[in-house]
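Student: Following is a predicted model, sequence given first.
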Amino acid sequence: MSVSQELLRFIRAHRGELTLSVYIEATPADPAERRNWRVHLRQQVAQARDALAGAPQEERDAFERCVERALDHLPTDQAMPRGGSWACFCAAGGDQLTLALPEGVETSVHWGIGALVVPYLRVAETEEAHVVQVDRNHVRISRLHDGAFETLLAQDADAITEIGPYMSEPARVGFHGGTRGRTGTDEVQRQRREATERLHAVLLHRLTALADGGIPLVVGGAPESAAHLLRMLPPALAGHAALSPVLRMQSPAEALGPIREALHTLRSRHQESRVDAIREAAHATGRAALGYEGTARAAELGAIAELIFSESAWRQHPKEIEQLVQRALADGAEVAWADASLKRALDGEADGIVAGLRFPLAAAQ
């Protein structure tokens with residue numbers, strides 16, 4: 001699910017409450033353009049205020065209080081993250097939530113029942129992964145969470161022990177034709193190989209212990225070592241693991257962009273398999289709904305366990321999709337904005353929206 005726990009709690013707590021939702025687009029790199037978002041924000045606030053001209057005075061007062069609170073929490077031009085967006089949700093009762101978002105949202109202001117969630121889903125992707133870097137002499141496991149890395153394992157291969165008397169060295173006293181020996185080079189290579197095998201065994205054991213969490217795995221490092229590790233992963237890990245060729249043995253923070261690309265590829269792959277499974281379930285067991293009408297009926301019955309929708313579905317039915325999303329989230333469903341690669345699969349018979357169900361709709365009749 002692409003909704004943070006903070007936002008999910010806010011949605012559930014204020015589902016039926018008037019709420020102001022403010023989204024601010026990412027600030028551009030050009031300093032001359034960095035104040036444009038403030039102009040757009042004022043325009044959006046004015047439009048929302050005009051739309052409330054005929055509303056009761058009590059509601060208009062609540063709107064103005066929420067606007068004031070949101071403006072008070074706006075980042076300064078210097079504090080606004082570059083390449084990142086910002087969102088603020090203010091409930092009429094006083095609760096408020098601010099979130100930093102990736103680039104991609106448009107500046108907008110919405111006033112209505114419940115928080116406006118779809119713009120958040122369009123850009124937010126859960127940024128959590130285990131990042132593995134491996135070569136013959138070093139291994140590292142880092143946990144990525146909200147753009148920061150925590151080292152879980154950092155280990156080097158065992159050092160080579162002192163080489164004894166071998167054929168590559170001058171003969172010592174007592175050496176005679178019947179003495180068997182090995183070259184020093186062969187012994188060094190044997191020790192290095194065994195040290196690498198022990199090191200990789202430690203890495204694989206630690207990764208297996210992490211498999212139960214279902215967290216995506218991004219693998220990098222020396223190409224041969226990384227490819228070998230991927231082949232050795234148990235099925236529970238291999239299903240959500242991806243190779244990042246750009247990620248070598250540097251600090252993982254230096255390769256955050258490629259790591260995010262690998263995570264996006266993993267999510268797209270997983271989402272494609274989920275859409276296929278939902279479509280199959282719709283025809284085989286009835287525990288799925290394809291299209292808006294069936295999905296809306298499932299939402300009314302509290303039957304949605306998983307909801308995936310495309311941009312075209314949202315563009316055609318923005319209010320209806322927003323209501324479906326809020327209902328599904330409130331009922332504990334997983335909700336995701338469909339990757340662009342799924343457009344053809346979703347926008348055909350499914351009208352851009354599919355849902356996996358907790359029970360067949362026929363059983364509810």
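Tutor: Perfect, thanks for sending it.
Student: For the stretch 51-200 of the chain, just list every one of the helices.
Tutor: Counting by DSSP state H, counting those that start in this stretch, the segments of the stretch 51-200 of the chain that form helices are 57-72, 118-123, 184-210.
Student: Mean neighbour count, these: which tops it?
Tutor: helix 118-123 (a mean of 20; mean count of other CB atoms under 10 Å). The C-beta positions use only the backbone N, C-alpha and C, and glycine is treated the same way.
Student: how distant is that one from the center of its chain?
Tutor: The chain centroid and the centroid of helix 118-123 are separated by 13 Å under CA atoms, centre = their mean, to the nearest Å.
Student: What would it look like as PDB? C-alpha coordinates only.
Tutor: Output in PDB follows, covering the C-alpha atoms of helix 118-123 (Å, rounded to 0.1, in the frame of the first residue of the first chain):
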ATOM      1  CA  VAL A 118      -5.600  10.500  -4.800                       C
ATOM      2  CA  PRO A 119      -3.000  13.200  -5.600                       C
ATOM      3  CA  TYR A 120      -0.900  11.600  -2.800                       C
ATOM      4  CA  LEU A 121      -1.200   8.100  -4.300                       C
ATOM      5  CA  ARG A 122      -0.100   9.400  -7.700                       C
ATOM      6  CA  VAL A 123       3.400  10.100  -6.400                       C
END
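Student: Tell me the helices and strands packed up against that helix.
Tutor: Applying 3 or more CB pairs under 8 Å, 6 or more residues apart in numbering; DSSP states H and E, we find helix 118-123 packed against strand 18-24, strand 84-91, strand 96-102, helix 318-330, strand 334-337.
Student: Mind putting the helices of the stretch 51-200 of the chain into CSV with mean pLDDT and distance to Val246?
Tutor: Shown next, in CSV, are the helices of the stretch 51-200 of the chain (pLDDT from 0 to 100; distance: least, CB to CB, whole Å):
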stretch, mean pLDDT, distance to Val246
helix 57-72, 96, 39
helix 118-123, 92, 23
helix 184-210, 90, 20
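Student: re earlier: generate a markdown table for the helices and strands packed on helix 118-123, with distance to Gln47 as supplementary columns.
Tutor: Listed next are these as a markdown table, based on distance: least, CB to CB, whole Å:
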| stretch | distance to Gln47 |
| --- | --- |
| strand 18-24 | 13 |
| strand 84-91 | 17 |
| strand 96-102 | 22 |
| helix 318-330 | 16 |
| strand 334-337 | 25 |
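Student: With respect to Gly294, which of the ones you listed lies nearest?
Tutor: helix 318-330 (11.3 Å; CB to CB).
Student: got the helices of the stretch 51-200 of the chain as CSV, with distance to Arg9 columns?
Tutor: CSV is the format used below for the helices of the stretch 51-200 of the chain (distance: least, CB to CB, whole Å):
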stretch, distance to Arg9
helix 57-72, 18
helix 118-123, 14
helix 184-210, 27
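Student: Of the ones you listed, give the one that comes closest to Ser273.
Tutor: Nearest to Ser273 among the helices of the stretch 51-200 of the chain is helix 118-123 (19.6 Å), distances taken as CB to CB.
Student: I'd like the average pLDDT over whatever helix or strand Asp276 lives in.
Tutor: In this assignment (DSSP states H and E), Asp276 forms part of helix 256-284. Taken as a whole, helix 256-284 carries a mean pLDDT of 90.
Student: Find out how far the next helix or strand after that helix is from the centre of the chain, if you would.
Tutor: Remark: after helix 256-284, the chain's next helix or strand is strand 288-290, criterion DSSP H and E. Here the centre of strand 288-290 is set off from its chain's centre by 25 Å, with CA atoms, centre = their mean.
Student: Go ahead and name everything in contact with strand 288-290.
Tutor: Residues outside strand 288-290 that contact it (CB atoms under 8 Å, 6 or more residues apart in numbering): 278-279, 281-282, 295, 297-298, 304, 349-351, 353-357, 361.
Student: try it again with 7 Å
Tutor: 278-279, 281-282, 295, 298, 349-350, 354-357, 361 (CB atoms under 7 Å, 6 or more residues apart in numbering).
Student: what residue is smack in the middle of this structure?
Tutor: Thr126 (2.6 Å; CA atoms, centre = their mean).
Student: buried ones in the helix holding Asp276?
Tutor: Using 16 or more other CB atoms under 10 Å as the test for burial, helix 256-284 gives 256, 258-260, 262-263, 265-267, 271, 274-275, 278-279, 281-282.
Student: right, so of the helices of the stretch 51-200 of the chain, which gets closest to Thr161?
Tutor: Among the helices of the stretch 51-200 of the chain, the nearest to Thr161 by CB to CB is helix 184-210 (6.6 Å).
Student: After the closest one, heading C-terminal, what element do we hit next?
Tutor: Once the chain leaves helix 184-210, the next helix or strand it forms, by DSSP H and E, is strand 217-221.
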